[in-house]
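Trainee: Predicted model follows, preceded by the sequence.
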Amino acid sequence: MTSNQVIANPAAGELLDPLRAAEGGFAMLALDQRESLRRMFPLVDGAEAGDDALRRFKATAARVLSPFASAVLLDRPYAVTDSRPDTLSPACGFILAADDLVQPPGEAVVDTHLDASITPEFVKQVGANALKLLVVWRADGRERERAELVGAFVTLAREAGVASLVEAIARPADGEAWASQAQRHEAILDAAREIAPLGGLIYKAEVPGYSPGDVSQVREHAERMTDIVPVPWVVLSNGVAQPDFAGALREACHGGASGFLAGRAVWADTVADPDTDGALAGRSVERLRALSAIVAEVRGS
C-alpha cells in the first residue's frame with residue numbers, strides 16, 4: 001500500500017483535511033513538550049520553572065503562531081483542560097497528545113504509555129481533530145509490546161472519530177550510544193519498518209539521513225522512508241540544529257515527506273528570551289511562514 005492509496009481512501013482523506021494547509025501538505029506546529037520544555041526555562045534561585053510557566057508559554061505560543069500553522073499539537077496536562085483552547089486560531093486544526101511520557105529528571109523520554117484520561121468522550125468534548133502517540137523505538141525485542149500500544153491508540157482514535165498520528169523516535173539500546181551517524185540513520189528507517197505499518201493515518205519521523213550541519217543525504221533517505229511508510233509522513237525537528245531545519249525539510253519533502261510537525265526549530269530559543277512574546281511574534285512567525293512556504297512549494301497541489 002502506498003500513501004496515494006491512503007489519500008484515495010475517502011474516510012482517511014476527510015479525517016486528514018482539518019490538518020492540511022490550504023496550499024497542500026501539512027505545516028503543523030508541536031507544542032506538546034512537557035519536562036523537556038521545563039528544562040528550556042532558566043533556573044530561578046536554583047529552581048526549575050513551575051507548571052504555570054509552561055501553561056503561559058503554551059497559551060502564548062498557540063495564540064501567536066496558530067494563525068500560521070495548518071494544525072497545532074497540544075497536551076492535556078498543560079494546554080488542554082475541558083474544551084478547545086481559545087488561544088487556537090479558528091481555522092487551525094487541533095491535535096491532542098494521547099501519550100503519557102516516561103521521562104526521568106534530566107533525561108530524554110525513555111518510554112510512553114497511553115494517557116488513560118484521553119477517552120473518546122474527552123476527545124469529542126474538547127473538539128480535537130486528531131490524536132498523536134509517541135513511540136520510543138529500540139532494537140530490543142519489544143516489538144509485540146509496541147504493536148499492542150499502537151493498536152490500542154489506533155482503536156482509541158477510531159472510536160473518537162478522529163485522525164491518528166504515530167510518531168517514532170529511534171534510540172540506541174539502553175546504556176549505549178550510536179556508534180556512528182550511519183547507524184542512527186538506519187535505525188530511523190528500521191523504526192519506520194516496524195511502527196508505520198501498525199496503523200495511524202500520518203507517520204511522524206525524525207529527519208532521515210540528517211547529520212549536524214549536513215543535509216546532503218536527507219533526500220536519499222527520505223526516498224527510502226517513502227518506500228517504507230504506507231501513509232503520508234512528516235518530519236519533526238528535534239535532533240536537528242535550528243539553522244539546518246529548513247534545508248532538511250526541503251530535502252525531505254523532495255524525497256516524499258508531506259510536510260512537518262515541528263516545534264523546537266520554530267520556538268525553542270524564545271523560551272528563555274526576556275521578550276518571549278516579541279520573539280514569538282518576530283522570529284518564530286518568520287520561521288513558521290518560511291517552513292510552510294517550503295511545503296507549499298514542494299508538496300503543494
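Mentor: Sure, I can see it.
Trainee: Touching, residue 133 and residue 100? I think so.
Mentor: No. With contact defined as Cβ atoms under 8 Å, residue 133 does not count as touching residue 100 (10.0 Å). (C-beta placed from N, C-alpha, C; glycine too.)
Trainee: overlap in contacts of those two?
Mentor: 112, 114 (Cβ atoms under 8 Å, 6 or more residues apart in numbering).
Trainee: more neighbours, the two?
Mentor: Under the neighbour definition other Cβ atoms under 10 Å, residue 133 and residue 100 were set side by side, and residue 133 has more, 28 against 18.
Trainee: next helix or strand past the helix or strand where the more buried one lies?
Mentor: In this structure, residue 133 is located in strand 130-137 according to DSSP states H and E. For strand 130-137, the following helix or strand on the C-terminal side (DSSP H and E) is helix 143-160.
Trainee: what about the stretch 101-250 of the chain, any weak spots by pLDDT?
Mentor: Residue ranges of the stretch 101-250 of the chain with pLDDT under 70: none are present.
Trainee: need the helices for it, in chain order.
Mentor: In the stretch 101-250 of the chain, the segments counted as helices under DSSP state H, counting those that start in this stretch are 120-126, 143-160, 181-195, 218-228, 242-254.
Trainee: in the stretch 201-301 of the chain, which spans are strands?
Mentor: With DSSP state E, counting those that start in this stretch, the ranges of strands along the stretch 201-301 of the chain come out as 202-205, 233-235, 259-262.
Trainee: highest average neighbour count across these?
Mentor: Ranked by mean neighbour count under mean count of other Cβ atoms under 10 Å, the strands of the stretch 201-301 of the chain are led by strand 259-262, which reaches a mean of 30.
Trainee: Now do that strand: which elements does it pack against?
Mentor: Counting by 3 or more Cβ pairs under 8 Å, 6 or more residues apart in numbering; DSSP states H and E, the packing neighbours recorded for strand 259-262 are strand 26-30, strand 233-235, helix 242-254, helix 285-299.
Trainee: Find the nearest non-adjacent residue to residue 247, please.
Mentor: Among residues not flanking residue 247 along the chain, residue 215 sits closest, at 4.7 Å (Cβ to Cβ, 6 or more residues apart in numbering).
Trainee: I'd say that neighbour and residue 245 touch.
Mentor: No. Contact status for residue 215 versus residue 245: not in contact, 9.2 Å apart, counting by Cβ under 8 Å.
Trainee: Tell me which of these two has more neighbours.
Mentor: In terms of neighbours (other Cβ under 10 Å), residue 245 is the more surrounded of residue 215 and residue 245; the figures are 27 against 20.
Trainee: so who does the nearest residue to the more buried one once chain neighbours are set aside touch?
Mentor: The shortest distance from residue 245 to any residue that is not its chain neighbour, by Cβ to Cβ, 6+ apart, is 3.8 Å, and that residue is residue 265. Residues near residue 265 by Cβ under 8 Å, 6+ apart: 237, 240, 242, 245, 287, 291.
Trainee: How confident is the prediction for residue 265, by pLDDT?
Mentor: We have a pLDDT of 97 for residue 265.
Trainee: cool, and the one 3 residues further on?
Mentor: As predicted, residue 268 sits at a pLDDT of 97.
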